[in-house]
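Peer 1: With the input below, show me the fold.
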Amino acid sequence: MSGQEACDRDHTEVVDRWFRALDQRRVRIGLHEWLLQVTGIYADHDDVWIQIADRVAAGGSILLRVSSRTRVDQALQALSHRVHASVPAHPTIITATVASSSPQDSTQLAALH
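Peer 2: Residues are numbered from 1 along each chain as shown. Below you'll find the model as predicted:
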């Protein structure tokens, strides 16, 4: 197997893992409950970009950026702490990345509008 084939397989596994973890999951964001619908995933080296829409309510969209070391619970925590902007900005970008491979490291959480 070539290096490119191994890289492609790794990206496919990452995409599949995040899709299974997030699609059709209910998440509380403030007073609103989202039924997450993963509409797209792009993996590039250590970054994974996940486009998420609210399956129940039209108009909501989030672009979640995670790293290969981000745990699902850390990504869900970042989603649940999303700050509602008074001016709609779609998509909202939420970053939930782990700074290093140390398990004691905290997740960086940021919402950009």
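Peer 1: tell me which element the closest residue to Ile62 other than its chain neighbours falls in.
Peer 2: Spatial nearest neighbour of Ile62, excluding adjacent residues (Cβ to Cβ, 6 or more residues apart in numbering): Ile52 at 4.6 Å. The way it works is simple: take the backbone N, C-alpha and C, and place the C-beta from them, glycine included. Taking DSSP states H and E as the criterion, the element that holds Ile52 is strand 47-54.
Peer 1: Tell me the helices and strands packed up against the biggest strand by length in the chain.
Peer 2: The residue-count maximum for a strand in the chain (DSSP state E) belongs to strand 32-44. Applying 3 or more Cβ pairs under 8 Å, 6 or more residues apart in numbering; DSSP states H and E, one finds that strand 32-44 makes contact with helix 3-22, strand 26-29, strand 47-54.
Peer 1: hang on, the earlier thing: which residues sit in contact with the residue nearest to Ile62?
Peer 2: 22, 36-39, 61-64, 79 (Cβ atoms under 8 Å, 6 or more residues apart in numbering).
Peer 1: top of the residues you listed by neighbour count?
Peer 2: Leu64 (26 neighbours; other Cβ atoms under 10 Å).
Peer 1: Identify the residue nearest it in space, chain neighbours excluded?
Peer 2: Spatial nearest neighbour of Leu64, excluding adjacent residues (Cβ to Cβ, 6+ apart): Ile50 at 4.4 Å.
Peer 1: residues near the one you found, how many?
Peer 2: Ile50 has 26 nearby residues by other Cβ under 10 Å.
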